[in-house]
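*Asks:* A predicted structure for the sequence below; I have some questions about it.
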Amino acid sequence: MQFSFRSLQYVVATAEAGSVSGGAQMLNSSQPSVSAAIAQIEAELGVALFVRHHARGMTMTAAGQRFVNEARILLNHARDFARSAAALGAAVTGEITVGSFVTLATRFMPGLLTEFAARAPGITVNLEEGNQQEILEGLTSGRLELALAYAYAVPEDIKAERLTELPPYVLVSSEHRLARRRQISLHEIRDDPFILLDLPISRDYFLNLFLTCGIEPRIAYRSRSPELIRSLIGHGRGYTIHNVLPSNGLSYDGSRIVALQITDRVAPVHVVALSLRRQTMRPTVQLFASFLAGAFAPGGLFETGLSTVSAPSMPRG
């Protein structure tokens with residue numbers, strides 16, 4: 001059973017476009033060529049890769065999803081091989097796609113991308129932000145090759161390399177009654193309105209912190225936007241719990257926020273580099289993975305930044 005790279009490209013493009021015509025357009029090819037390639041692969045496999053919907057495009061079957069995931073990985077390796085062969089004796093070049101949990105992206109990715117570009121100018125890094133569920137799905141599908149995320153709900157087929165850990169902090173307005181404290185118990189603030197970062201998997205972590213302390217928070221607002229939450233806090237609308245703290249105490253709209261250490265026994269989050277176990281890292285991806293590990297190691301890019309994150313040094317009033 002042999003498939004050409006072109007036929008694999010036809011299948012992946014059709015899956016991404018949701019139709020044969022869209023896939024053909026993406027690859028600047030003809031619809032009959034794409035249809036014939038898909039039909040030939042389905043005949044050789046003995047399974048349908050797509051469900052055809054009259055006038056409504058195509059959707060992948062379960063077998064089709066698995067085939068497309070593996071095809072993406074193979075095509076990425078083929079592209080990297082072609083670039084490496086063309087650049088023998090020259091500097092490392094290529095393109096990689098890296099995912100990042102949204103809060104980690106905001107805090108760490110600008111510095112990471114700037115420093116990596118200085119060290120490896122021939123490598124282009126495409127960044128995709130998302131919540132934990134989206135990051136894991138991106139890795140499983142082969143769309144992402146590496147990701148900066150948390151060690152939440154990581155399945156067996158994804159490898160997690162620990163980079164650092166971040167404890168949780170209570171964030172309140174600089175005008176809050178407890179803002180001049182350095183430490184706080186969740187019991188002291190249990191009756192205040194809580195603002196929840198409402199992202200898949202993440203919300204479970206935050207709510208479990210309260211459960212561990214035998215507290216039920218009074219949820220006043222839910223939001224998927226960390227910056228909106230910070231602005232609500234700055235205006236005194238409640239408090240939240242975050243692990244990733246910026247280097248200053250200002251919200252997006254300029255209101256002031258204070259970070260307080262939590263005295264209760266609460267679990268930190270572990271920041272990890274995620275990759276697919278069955279996928280051998282391309283040299284360009286391995287280069288970024290090594291750079292990422294070094295950035296969070298002692299003496300690395302974020303040695304000072306992590307001490308800022310793990311100590312409440314935000315302005316107080």
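*Replies:* Yep, it's here.
*Asks:* all helices for the stretch 151-300 of the chain, in order.
*Replies:* 202-212, 226-234, 283-296 (DSSP state H, counting those that start in this stretch).
*Asks:* which parts of the second one count as buried, going by neighbours?
*Replies:* By that I understand helix 226-234. Pro226, Leu228, Ile229, Arg230, Ser231, Leu232, Ile233, Gly234 (16 or more other CB atoms under 10 Å). Every residue, glycine included, has its C-beta placed from N, CA and C.
*Asks:* so what's the residue lying closest to Asn208 once chain neighbours are set aside up against?
*Replies:* With CB to CB, 6 or more residues apart in numbering as the criterion, Asn208 has its nearest non-adjacent residue at 7.7 Å, and that residue is Ala267. Neighbouring residues of Ala267 by CB atoms under 8 Å, 6 or more residues apart in numbering: Pro168, Tyr205, Asn208, Leu209, Thr212.
*Asks:* including neighbour count, pLDDT and distance to Glu175, could these go into TSV?
*Replies:* TSV is the format used below for these (neighbours: other CB atoms under 10 Å; pLDDT from 0 to 100; distance: CB to CB, whole Å):
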residue	neighbour count	pLDDT	distance to Glu175
Pro168	20	95	22
Tyr205	19	93	28
Asn208	12	95	29
Leu209	17	95	24
Thr212	13	94	29
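*Asks:* looking at those residues, spot the one nearest Ile123.
*Replies:* Using CB to CB, Tyr205 comes nearest to Ile123 of these, at 32.9 Å.
*Asks:* and the gap between that closest one and His77?
*Replies:* Going from Tyr205 to His77 by CB to CB, to the nearest Å gives 35 Å.
*Asks:* repeat for Cys213
*Replies:* 48 Å.
*Asks:* tell me which of those two has more neighbours.
*Replies:* Taking other CB atoms under 10 Å, Cys213 and His77 do not tie; Cys213 has more neighbours (17 against 13).
*Asks:* who touches the more buried one in this structure?
*Replies:* Ser185, Leu186, His187, Asp264, Val266.
*Asks:* now for those residues, which pair is the farthest apart?
*Replies:* So, these by CB to CB: farthest apart are His187 and Val266, at 12.0 Å.
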